[in-house]
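Visitor: prediction below, plus the sequence it came from.
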2 protein chains.
Amino acid sequence: RNLHLLRVLPFRMDSQNQYCVSRPIYSTRAFEHVNEKQVRETKTIKERLRNSVKCSPKLIPQIIKKFFPILNWLPIYQLKQWLPGDIVAGVTTGMVCALQGLAYSLLVGVPPVYGLYAAFFPILTYFILGTSRHLSVGPFPVTCLMQGAVVLSLAPDELFLYHGNTTGVNGTATLVVNTTARDATRISIATSMTVLIGLFQFGMGVVQVGFLVRYLSDPLVGGFTTAAALQVVVSQLKLIFNVPTNNYNGILSLFYTIGDIFKNIKQTNMVDLIAAVLTIIVVMLVKEFNTKFQKKLPVPIPIEVIVTIIDSGVSYAMDLSTNYGAGIVRTIPRGFIPPRSPDVSLFSSFGGPSFSTGVVSYAIAISVAKVYAAKHELIVDGNQELIAFGISNIFCGCFSGFVATTALSRTAIQESTGGKTQVAGIISALMVLIVIVAVGPLLQPLQKSVLGAIIVANLKGMFMQVHDVPILWRKNKTDCCIWVLTCLACIFLGLDVGLLTGVIFELGTVVIRTQFPTCSTLGNVPSTEIYKNMKDYKNIIECPGVKVFKCAAPIYFANIEYLRDQIKHTVGFNAVRVFKKRNKALKKIHQLIKKGKLKVTENGLVPVAPLGVDNEAFERERDPEQVEGGAQQEVNGGARPAAEVEVQVDWSSTLPVSVRIPKVNIHSLVMDFTAVSFLDVMAAKSLKLIIKEFMRIGVNVYLAGCDDEIIMKMESMGFFDEVVNRGMLFISVHDAILYIKMETDSENSDDSMAEKVPETSKPS
Amino acid sequence: RNLHLLRVLPFRMDSQNQYCVSRPIYSTRAFEHVNEKQVRETKTIKERLRNSVKCSPKLIPQIIKKFFPILNWLPIYQLKQWLPGDIVAGVTTGMVCALQGLAYSLLVGVPPVYGLYAAFFPILTYFILGTSRHLSVGPFPVTCLMQGAVVLSLAPDELFLYHGNTTGVNGTATLVVNTTARDATRISIATSMTVLIGLFQFGMGVVQVGFLVRYLSDPLVGGFTTAAALQVVVSQLKLIFNVPTNNYNGILSLFYTIGDIFKNIKQTNMVDLIAAVLTIIVVMLVKEFNTKFQKKLPVPIPIEVIVTIIDSGVSYAMDLSTNYGAGIVRTIPRGFIPPRSPDVSLFSSFGGPSFSTGVVSYAIAISVAKVYAAKHELIVDGNQELIAFGISNIFCGCFSGFVATTALSRTAIQESTGGKTQVAGIISALMVLIVIVAVGPLLQPLQKSVLGAIIVANLKGMFMQVHDVPILWRKNKTDCCIWVLTCLACIFLGLDVGLLTGVIFELGTVVIRTQFPTCSTLGNVPSTEIYKNMKDYKNIIECPGVKVFKCAAPIYFANIEYLRDQIKHTVGFNAVRVFKKRNKALKKIHQLIKKGKLKVTENGLVPVAPLGVDNEAFERERDPEQVEGGAQQEVNGGARPAAEVEVQVDWSSTLPVSVRIPKVNIHSLVMDFTAVSFLDVMAAKSLKLIIKEFMRIGVNVYLAGCDDEIIMKMESMGFFDEVVNRGMLFISVHDAILYIKMETDSENSDDSMAEKVPETSKPS
């Protein structure tokens, strides 16, 4: 039986700091370590039995319900109470959804009708597979922009130029973009990418790695979405001003695009610009009004829809396109495109961006879903959501839509107007369907700049996140740095590279935080067993000759060197140097004894002849290093004298040779390991070395408060041997200190602090 | 004055588990928290004063000595004792160094003479600037190969083809490589890269970020160098077989090269192959002999030198090049090339590889230096080493050498043959100098395949590292995974990308280890204040109604969700669901009271009429979720009843309504935070939420053993408010438990475990 016993002291100090056996000595049985494997095995067998007994009759329906969460709520759907709310919410959200679909398609770089598909299809599957009841599934500007970046880089306008029939002003044939071919290619890319994103999400859901999304912490997502909002605005400026720009990608593309816009700003179409500015102002004002009177309004004013209708009307009436050269949507065909399989050959060209887009889209959806789940005390299953979104995206991609996630604003509308379940989602899909099969063509005269303006006006919330920065700074500098760095990286390097940079930086901060842990010297709060940081409290005392060192982090390859420095700093000397100097002194003493200049007497070493210049010269010759510290040494024993002559040197007395040995004013070092959560191989090796370095100069090292798991790790890593043995483990700092005191006292030494730990002392 | 007081209990249990005031009540003063800033300020001022007083007279020489470590040892150089060893070591190492320089130049892809420069120049500066006394500075195969990859990718043979004057077999002009131009370009690239590497290292040394090298942990470096050894062998196969191959780079290049060699294996030059195989066998055997009789041999046999001389002689005598088409070194010019400035325009094309090469070369050097520093109890200064290698590389690069680091084998020779200081290094440089100015041309007939074979034979030690894998696996699975993954990544993806992958994976493991921390339920070792994992020990008991939860990791964005699940698992119920169900039950009770079917009496709620089918139906209609757990509830109070009617529901009795509420069989939850080393903003937010969720269902939460630093962090993050207040902090789990027991007892409740924490209870 493998007994993992820590040394527990049966002795406690009473209030007079005297040792008394105030408690029964802990019996070994009371504290017996159970063979862990056995326990686990018994447990798993038990659990298996219990599960099999308990679950088998319900197992199949439970599994089905797990994969089709709709079965959890549709059977208990409360028609009277939930349906009215769902209908109102569905209709409102549906209109917004259709419109946002149209608008966001511009971000992807495909004709607007595909945005309608993206707003329609994913809802159908999510209705069945999703676990959130409030999410409004559909396109989101950030993910659309990420897809758009891929689409535009793989199918830029330049690839589709041909010599048009029209001749330019100076008689040369102008180059015209073959928009039909271009759009077909782009749609193929966008939809294939959507399928790939879906596959990634589905795969992640199947292998249950939804936890990876947790690396996208709040500050990171905050910085990312703020930068994304800026990217979206810049991408829409082109439409708002209706000026031509080149397609840029990657590093600094944001600034190149802005440069292009300024270069061509003279070509601005004033009709488009005015319409856009008006739209932005009106939409933002009405939205402000909506939030202000949220409680008084039965339904928020669907201002985007109103603006769109008005603009379509005006544009149609005044024929803005032909008369003023305004950029309009132009074609919104009725009905659907038959499903088609994705172009698998393209997958390799956008593997990376697809993965990042998939992760981002899921991260956005799950964070929004969790907000509402918490509000309504419902449960959202992260991995099922991955599967749901994965299948939704595969489905949607096959029907020529693009990637689905959610938007906080849209979900807020759906929830605030009374949406209780995904029935609201289905009704909103119905609204989109109506637009697709009937209303669509009516929107053909709509100005693109108005759509762009609607996108911009919807980004206000994302920009407002900038206000978080000073708050974060006050709360936690590291988190604030993550926010700012992610934001800047996303602005300068593009969204996917920026996000990766942010994640790596964020994980780096975790490493750095453990790499430079707070190490402290502990002192005893008088007449208690409490040990606290010496720096933080007044009136706490150190046990004379004992240092208590605490490390508040896991110990591993990156921080072991730092820890070594910290220990050196705590004890005030370098153990290696002390050992070296002592050895040197010993050698000299041996030589002096051989020469007959020193004698070993009962009182220690006594010089036979006065030592003078001779020795000085000797010293100069052999001491190659800088030396510091006093000559007075206080520690006795410990350093094993060289085998040749057995000389017991009292390091605390003035030595007869002039070697300066750094001061060692402790005899014990207690390392508080309560906050050490793991050790790796390098750490174990170095720690052992550090302990041995102290041991050989007569400083005993004790490890206090080690977790059982760490002790087991230490054992498997061969940490313990004859010198570094399990006898140095104590259950708490106080136990170690009491033991040290006991040992020191029992030796009855007068003022030398020497002591020897009996290696055979049994754990009690 | 900001008092950071944890609640400490003046009460201790005696051995009969009865409360007794056995210790004086801790006075507040004794435990006063010092305003930390003040302390720090005082300290820094003090330190500054002390430093200024202490150091000023010695300051300037100290600084000079810091930057020119030679001043530390040259003045005390012990001619008689050290010089003989240094001379023997220097001569031996010098010959090996010259030869390895010649050989490794083939890895870089430049003519052999440049390898001699690389073996000569860096020693000169390192002699002055380096802190290690035993390092044999010079080229190392891995870094040479990394440089070679860049050189070959930027200046492949194909760039230097021209139509030669010689006509091929079938009368067409053959394409010939302009070797002069090619070599000039390659040298320019290699030396510029060396300068850039030096600049990187120097910069890192100046900003004191030597600690970054710690990320290259032992397992990582082990995997990396093993893969590198394989890469080196494959790169030398071309020379050993003397067959043409194309230059490949990046992913899978190793396998393409092997493919090429097999394709052209029929063109093998047998003379070269035989010479190489013989060399490998002889060199490895003699090296084995050297290590076996290390103690008996005064100096290891310089077998490489002997082999080289023999081969040069044989090759010259038999004119292997013309007679058998053997590949020979051909030209080794005498003397030096004048220094020239690097081609700065090239810097941008190898920024990344230069950085990684610089880090690797430094990492190898520092790890070897540390091995010997530890052996001889000397100190190596990491940042000074960076500066020394930086300047050495800049210097060496200007004189047409390539990157300098060290080789474990060469340093081992230098140290084992008696090298004491860098004087041995200077003497070895002298040997190289002799080769450069005199002996060089004699080596012109040397076969390249023999040089390649010498490289391969020297890699044995690096391949032997494979034996570490099973040992690592037994010690620590994670570290073993790092080794294997880094090795595979370096083999498949190339050295620099592989190294990056390895580092990211390694840092990932740190994150993962903190992301899934070991969480445990603690129990009390009877009649002690010790709390241990329930799973690990027999006979330890849980305080009834109290759960002690321990988390052994920092709490931050990535693990907060996991922690929440673990807490849920520990307590055995979902606090949110309990609250929801209770609210539902309350609502029903209110409705029943309104309907007159229930009455509030002194004994609780009493049904007026029997409740039956009516209620059942009601239940079915409103309970949308799966329910589990028994109907018996044991907790009283806590959940604030809805404002409308004040009803005190006793959750422990059978409820008059058939809502099934999950069992809550605890009244207190103690979280042991001793092992929590930091908190971030997200963690604080979530933790607060978790605590509140428990509070509102009547479970009191206590935090035990929080570090002062964490409490300060919590405060700055606004963690505490009216509900979650500082009263829940206890200095240890035992204090919290005692407090809970006291509170429970003082309420004199019979069997309901209800209790209220007085919010105003002052810290004692």
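Guide: Cool, got the structure. Everything numeric in this text was worked out from a predicted model, so none of it was measured.

Visitor: near chain B, which residues of the stretch 301-450 of chain A?
Guide: By CB under 8 Å from any CB of the partner chain, the residues of the stretch 301-450 of chain A that approach chain B are residue A:377. (Each C-beta comes from the backbone N, C-alpha and C, glycine too.)

Visitor: the stretch 301-450 of chain A: helices as residue ranges?
Guide: Assigned by DSSP state H, counting those that start in this stretch, the helices in the stretch 301-450 of chain A fall at A:303-318, A:320-324, A:351-376, A:382-398, A:408-416, A:423-434, A:448-457.

Visitor: go through the second one and flag the buried ones.
Guide: For helix A:320-324, burial by neighbour count (16 or more other CB atoms under 10 Å in any protein chain shown) applies to A:320, A:321.

Visitor: contact partners of it?
Guide: Helix A:320-324 is contacted by residues A:269, A:270, A:271, A:314, A:315, A:318, A:326, A:327, A:328, A:330, A:445, A:447 when judged by CB atoms under 8 Å, 6 or more residues apart in numbering or on different chains.

Visitor: can you pull the contacts of residue A:451?
Guide: A:102, A:103, A:106, A:112, A:239, A:308, A:329.

Visitor: how near is residue A:708 to residue A:588?
Guide: As judged by CB to CB, to the nearest Å, residue A:708 and residue A:588 stand 48 Å apart.

Visitor: picking up where we left off before, mind picking the two most distant members of the contacts of helix A:320-324?
Guide: Pairwise distances across those (CB to CB) peak at 19.9 Å, for the pair A:270 and A:330.

Visitor: okay, now the domains of chain A?
Guide: Per automatic domain parsing, the structural domains of chain A span A:36-67, A:73-162+A:180-335+A:350-508, A:519-572+A:665-746.

Visitor: tell me which of the ones you listed sits nearest to residue B:716.
Guide: Closest among the domains of chain A, once you apply CB to CB, is domain A:73-162+A:180-335+A:350-508, at 6.2 Å.

Visitor: list the contacts of residue A:378.
Guide: Residue A:378 makes contacts with A:132, A:133, A:372, as judged by CB under 8 Å, 6+ apart.

Visitor: tilt between the helix or strand hosting residue A:288 and helix A:408-416?
Guide: Using DSSP states H and E, residue A:288 maps to helix A:270-292. In terms of direction (axes from the mean of the first three to the mean of the last three CA atoms, to 10 degrees), helix A:270-292 departs from helix A:408-416 by 40 degrees.

Visitor: what does the pLDDT read for residue A:171?
Guide: Per-residue confidence (pLDDT) for residue A:171: 53.

Visitor: quick check: residue A:93 touching residue A:428?
Guide: Yes: in this structure, residue A:93 is within contact of residue A:428 by CB atoms under 8 Å, at 4.3 Å.

Visitor: intersection of neighbour lists for those two?
Guide: With CB under 8 Å, 6+ apart as the test, residue A:93 and residue A:428 both reach A:136, A:414.

Visitor: now, of the helices of the stretch 301-450 of chain A, which is deepest in the fold?
Guide: The highest average neighbour count among the helices of the stretch 301-450 of chain A, using mean count of other CB atoms under 10 Å in any protein chain shown, belongs to helix A:448-457 at a mean of 27.

Visitor: just the mean pLDDT for the helix or strand just after that one, thanks.
Guide: Following helix A:448-457 in sequence order, the next helix or strand is helix A:460-463 (DSSP H and E). Predicted confidence along helix A:460-463 averages 84 (mean pLDDT).

Visitor: count the residues that sit near the residue nearest to residue A:430 when sequence neighbours are not counted.
Guide: Nearest non-adjacent residue to residue A:430, counting by CB to CB, 6 or more residues apart in numbering or on different chains: residue A:94, 6.6 Å away. Number of residues near residue A:94 (other CB atoms under 10 Å in any protein chain shown) recorded here: 30.

Visitor: what about residue A:94, distance to residue B:94?
Guide: Plainly put, residue A:94 is 83 Å away from residue B:94 if you go by CB to CB.

Visitor: again, but for residue A:192
Guide: Applying CB to CB to residue A:192 and residue B:94 gives a distance of 63 Å.

Visitor: ok, now residue A:491?
Guide: On the measure of CB to CB, residue A:491 and residue B:94 end up 55 Å apart.

Visitor: centroid-nearest residue for chain A?
Guide: With distances taken as CA atoms, centre = their mean, the residue of chain A nearest its centroid is residue A:215 (3.5 Å).

Visitor: residues in contact with that one?
Guide: Applying CB under 8 Å, 6+ apart to residue A:215 gives the contacts A:503, A:506, A:507, B:511, B:557, B:558.

Visitor: same deal with residue A:231?
Guide: A:145, A:254, A:490, A:491, A:495.

Visitor: pull the most distant pair out of those.
Guide: Largest separation among these by CB to CB: A:145 and A:491, giving 12.8 Å.

Visitor: of the two, who's got more company?
Guide: More neighbours surround residue A:145 than the other of residue A:145 and residue A:491, with 23 against 20 (other CB under 10 Å).

Visitor: what is the mean pLDDT for the helix or strand where residue A:588 lies?
Guide: Using DSSP H and E, residue A:588 sits within helix A:575-595. If you average the pLDDT over helix A:575-595, you get 82.

Visitor: same for it, what does it pack against?
Guide: Applying 3 or more CB pairs under 8 Å, 6 or more residues apart in numbering or on different chains; DSSP states H and E, one finds that helix A:575-595 makes contact with strand A:598-601, helix A:613-622, helix A:681-695.

Visitor: same thing but 7 Å
Guide: Where contact means 3 or more CB pairs under 7 Å, 6 or more residues apart in numbering or on different chains; DSSP states H and E, helix A:575-595 is packed against strand A:598-601, helix A:681-695.

Visitor: what residues of it count as buried?
Guide: Those would be A:575-586, A:588-590, A:592-593, for helix A:575-595 by 16+ other CB under 10 Å.

Visitor: the helix or strand hosting residue A:484 close to chain B?
Guide: Assigned by DSSP H and E, residue A:484 falls within helix A:477-493. Yes: residues of helix A:477-493 contacting chain B under CB under 7 Å from any CB of the partner chain: A:478, A:479.
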